[in-house]
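In: need a structure here:
(chains A and B)
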There are 2 protein chains.
Amino acid sequence: MNIGIDMMGGDFAPAEAVTGIQQYLERTGLAHLFLIGDEMQIAPLLPQSLFSSVTIVHAPLVYSGLQPLAKRFKKGLQPSISVGFKLLASGTINAFISAGDTGAILVSALTNLTPFERVLRPAIATIIPKENGTRGLLLDVGLNADCKPEYLNQFAVLGSAYAKTMLNIKAPRVALLNIGEEEGKGNRLTQAAYRLLQQNEKINFVGNIEGRDVFSCKADVLVCDGFTGNIVLKLSESLFNIAVQKGIKNPYFDLFDFQGHGGVPVLGLSKPVIIGHGISKRDAFLNMILLAEKMIEKDIVHKLSAELQN
Amino acid sequence: MNIGIDMMGGDFAPAEAVTGIQQYLERTGLAHLFLIGDEMQIAPLLPQSLFSSVTIVHAPLVYSGLQPLAKRFKKGLQPSISVGFKLLASGTINAFISAGDTGAILVSALTNLTPFERVLRPAIATIIPKENGTRGLLLDVGLNADCKPEYLNQFAVLGSAYAKTMLNIKAPRVALLNIGEEEGKGNRLTQAAYRLLQQNEKINFVGNIEGRDVFSCKADVLVCDGFTGNIVLKLSESLFNIAVQKGIKNPYFDLFDFQGHGGVPVLGLSKPVIIGHGISKRDAFLNMILLAEKMIEKDIVHKLSAELQN
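Out: Reported below is the predicted structural model:
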């Protein structure tokens, strides 16, 4: 399998990406890696012994976050992100990882890839560390700031299939993140989504859960709009830093360190795509490559797609 | 001053309320307390020595959460919450505290009190413990699940005035809770609210802040819709329980114990109203009475109202 990595994305690119790649190749190295970025910067950082395990694709242009969206992908310009998605679309690589600007990744993803049939909106999902040591899933955590009830209903199907395949959870309990546990509670979106989720035979819907139960064991898959999910995700990530700052050493709070799971998969696209944090370091890159490997091995895209076609 | 307490609201009523009241009277006892509830249950719990400091208002009916909203306040029925709001409206008491059902409190509040002039929507605000030991404010945390940009703009004014008066913060830095820090980020609501906040001369607007900065020191007052705020509030409260469960002893995590601040004030009503948790115990009741005392002393209602009239 071939995995492509955007070497220009993120605050510590390309040095931390290279170190993560090195760790991956020394550890398992199942995949051949395509390093997409400025060859002049990447090659000197890479040990000679690893040259045979990688292909450097020269794409020196970095997307600049200061450019307005419409001007981002002018003709002739080929930022590393665009090159990566073209390689993914053509089948040269089987998965693509970038810690670059999320907006740029999405524009490029939707330009080069198609969401698979019947997908209303792709979503990104994050792992939630549960109090009891198990893992749950939360989605959408940022792609869709404004959602329709139908989107949430589909996130439930995608998240449930992802949890089954990638987290080995049988019949994942799907809950709607809401204010109040009873049916009828919530804002207009969650009130309407509740009714759809309740009727959805593809999922094991267990009802509403409140903010206090995000980390509890009442559900495996939490569904919400991308605005709420992003607030919850980033607040959760800050808990790791707070614990460090307060001198609290506890393995549970270590689980909130995003470097441990690396990046978030985009669900609903026709190929595996992983979005990394802008502040991704070596461990994050290593873990994103391991996640990409697993997504390819498990054939997650077809499993998610099949769930929607049934 | 006279403070009214709903003795029938909450899971541990009236015993825990009585103990909280006893602690208050033994400690400061500035206010005369009106205990609104079932006299047959309250009187036997109350030490003889305190009878002179309280007035028991017999109102034995408890609102039941199982009744649908429309049936809640049938004619002739006088649940303790309704009696409390009537006493508040008539001026017999100067503030009212209830740990009863939030929906019932609000229906009764809006039936008996008027929001003060120019208030678009009352909101509830909670104290946020900051990493550096200071306190911030987050609103709305649940009254308005669906918001218009204008509401958020007004929450900013109310929250700012509350932070000045009650938390002694000069020129509170007001931020919009959002996904992404740059202007233009967010969902439709926050994109539109940003523009209003930016033009609002009554506040010290410092821009967007993300979920990761809820507990940071970048802002004093965080504004959001009641859905997002409620998720953040309840998730934050759960951190105290998680810390306890994980055996983490750290004074910072103790600050997430809601019993420490007791209840949340409703901003925008013509009288001070405090809503308590359903699981309020003695400390929560004590702290709610102390908060009510301070709200009366500081004349918070008129200060908030004045901010909107200018």
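
In: pretty sure A:Ile105 belongs to a helix, no?
Out: Yes: applying DSSP: H, G, I helix; E, B strand; the rest coil, one finds A:Ile105 inside a helix.

In: didn't it look like it was pressed against A:Ala99?
Out: No: applying CB atoms under 8 Å as the test, A:Ile105 and A:Ala99 come out as separate, 9.3 Å apart. No exception for glycine: its C-beta is placed from N, CA and C like everyone else's.

In: More neighbours: which of those two?
Out: Legend: neighbour count by other CB atoms under 10 Å in any protein chain shown for A:Ile105 and A:Ala99, higher for A:Ala99 (30 against 24).

In: what are the pairing partners of the helix or strand hosting A:Val264, and which direction each?
Out: In the assignment (DSSP states H and E), A:Val264 maps to strand A:263-267. Neighbouring strands of strand A:263-267 in its sheet, by DSSP bridges, are strand A:123-129 (antiparallel), strand A:273-276 (antiparallel).

In: could you dump these to a markdown table with mean pLDDT?
Out: As requested, the strands paired with strand A:263-267 are exported to a markdown table (pLDDT from 0 to 100):
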| stretch | mean pLDDT |
| --- | --- |
| strand A:123-129 | 95 |
| strand A:273-276 | 96 |
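
In: Out of these, which is the most enclosed?
Out: Neighbour counts (mean count of other CB atoms under 10 Å in any protein chain shown) averaged over each of the strands paired with strand A:263-267 peak at strand A:273-276, with a mean of 27.

In: The helix or strand that that strand is followed by close to chain B?
Out: For strand A:273-276, the following helix or strand on the C-terminal side (DSSP H and E) is helix A:282-297. No: residues of helix A:282-297 are not located near chain B by CB under 8 Å from any CB of the partner chain, the shortest gap being 15.7 Å.

In: Show me the contact partners of helix A:282-297.
Out: Contact with helix A:282-297 is made by A:1, A:3, A:5, A:16-17, A:19-21, A:23-24, A:27-28, A:30-31, A:33, A:94-97, A:99, A:166, A:258-263, A:265, A:272, A:274, A:276-277, A:280, A:301, as judged by CB atoms under 8 Å, 6 or more residues apart in numbering or on different chains.

In: Let me have the strands paired with strand A:263-267 in JSON lines, extended by distance to A:Tyr252.
Out: Formatted as JSON lines, the strands paired with strand A:263-267 follow (distance: least, CB to CB, whole Å):
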{"stretch": "strand A:123-129", "distance to A:Tyr252": "7"}
{"stretch": "strand A:273-276", "distance to A:Tyr252": "23"}
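
In: Among those, which comes closest to A:Lys170?
Out: When the strands paired with strand A:263-267 are compared by CB to CB, strand A:123-129 sits nearest A:Lys170, at 17.6 Å.

In: Quick check: PyMOL command selecting the buried ones in the contacts of helix A:282-297.
Out: Buried residues among the contacts of helix A:282-297 (16 or more other CB atoms under 10 Å in any protein chain shown), as a PyMOL selection:
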select buried, chain A and resi 3+5+16+17+19+20+21+23+24+31+33+94+95+96+97+99+166+258+259+261+262+263+265+272+274+276+277+280+301
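
In: Return the subset of the contacts of helix A:282-297 lying in strands.
Out: A:3, A:5, A:33, A:95-97, A:263, A:265, A:274, A:276 (DSSP state E).

In: what's the most distant pair in the residues you listed?
Out: Farthest pair in the ones in strands among the contacts of helix A:282-297, by CB to CB: A:Leu33 and A:Pro265, 18.0 Å.

In: and for A:Ile105 and A:Ala99, which residues touch both?
Out: A:Ile275.

In: any chance you could map the helices in chain A?
Out: Taking DSSP state H to define them, one finds helices in chain A at A:15-27, A:39-42, A:80-90, A:102-112, A:149-167, A:188-199, A:226-245, A:251-254, A:282-297, A:300-309.

In: Which residue, other than its chain neighbours, is closest to the residue nearest the centre of chain A?
Out: Nearest to the mean C-alpha position of chain A, by CA atoms, centre = their mean, lies A:Val264 at 1.8 Å. Nearest non-adjacent residue to A:Val264, counting by CB to CB, 6 or more residues apart in numbering or on different chains: A:Ile124, 4.5 Å away.

In: and the end-to-end length of stretch A:112-125?
Out: 21 Å (CA to CA, to the nearest Å).

In: Contacts for that stretch next, please.
Out: Under the criterion CB under 8 Å, 6+ apart, residues A:82, A:85-86, A:88-89, A:109, A:137-144, A:147-148, A:150-151, A:154-155, A:158-159, A:162, A:226, A:264-271, A:273, A:275, A:301, A:304-305, A:308-309 lie in contact with stretch A:112-125.

In: A:Glu210 is in contact with A:Glu181, correct?
Out: Yes: the pair formed by A:Glu181 and A:Glu210 meets the contact definition of CB under 8 Å, at 6.2 Å.

In: out of the two, which sits in the busier spot?
Out: Taking other CB under 10 Å, A:Glu181 and A:Glu210 do not tie; A:Glu210 has more neighbours (22 against 13).

In: Could you pull up phi and psi at that one?
Out: phi -90, psi 170 (degrees, to the nearest 10).

In: For it, list the residues it contacts.
Out: A:177-181, B:230-231, B:234.

In: 6 Å - rerun?
Out: B:Lys234 (CB atoms under 6 Å, 6 or more residues apart in numbering or on different chains).

In: what do you get for A:Met1?
Out: Contacts of A:Met1 by CB under 6 Å, 6+ apart are A:31, A:94, A:296.

In: what number of residues lie near the spatially closest residue to A:Gly260 that is not a sequence neighbour?
Out: Residue nearest to A:Gly260 in three dimensions, not counting chain neighbours: A:Asn287, with 6.6 Å by CB to CB, 6+ apart. For A:Asn287, the neighbour count with other CB under 10 Å is 22.

In: Model confidence score at A:Asn287, please.
Out: A:Asn287 carries a pLDDT value of 94.

In: Now, of the contacts of stretch A:112-125, which are buried?
Out: A:82, A:85-86, A:88-89, A:109, A:137-144, A:147-148, A:151, A:154-155, A:158-159, A:162, A:226, A:264-271, A:273, A:275, A:301, A:304-305, A:308.

In: pLDDT below threshold where in the stretch 151-300 of chain A?
Out: Along the stretch 151-300 of chain A, no part satisfies pLDDT under 70.

In: Recalculate using a threshold of 80.
Out: A:258-261 (pLDDT under 80).

In: Close to chain B: what parts of it are there?
Out: The stretch 151-300 of chain A has residues A:179, A:187-188, A:210-212, A:214, A:227-228, A:230-231, A:234-235, A:237-238, A:246, A:248, A:250, A:252 near chain B, with proximity defined as CB under 6 Å from any CB of the partner chain.

In: buried subset of the residues you listed?
Out: By 16+ other CB under 10 Å, those give A:179, A:187, A:210-212, A:214, A:227-228, A:230-231, A:234-235, A:237-238, A:248, A:252 as buried.

In: biggest separation within these, which pair?
Out: Across those (CB to CB), the longest gap, 34.3 Å, separates A:Asn187 and A:Ile248.

In: closest to A:Ile42 out of the strands paired with strand A:263-267?
Out: Nearest to A:Ile42, of all the strands paired with strand A:263-267, is strand A:273-276, at 16.7 Å by CB to CB.

In: Identify all contacting residues around that closest one.
Out: A:96-97, A:99, A:102, A:105, A:109, A:263-266, A:284, A:288, A:291-292.

In: so who does A:Leu25 touch?
Out: So A:Leu25 contacts A:50, A:53 (CB under 6 Å, 6+ apart).

In: again, only this time at 8 Å
Out: A:33, A:50, A:53-54.

In: Rank these by pLDDT and give me only the lowest.
Out: pLDDT across those is at its lowest for A:Leu50, which sits at 89.

In: So for that one, what's the nearest residue that isn't a sequence neighbour?
Out: A:Leu25 (5.4 Å).

In: Roughly how far does that neighbour sit from A:Phe34?
Out: Distance, A:Leu25 to A:Phe34, using CB to CB, to the nearest Å: 13 Å.

In: No further queries at this time; thank you.
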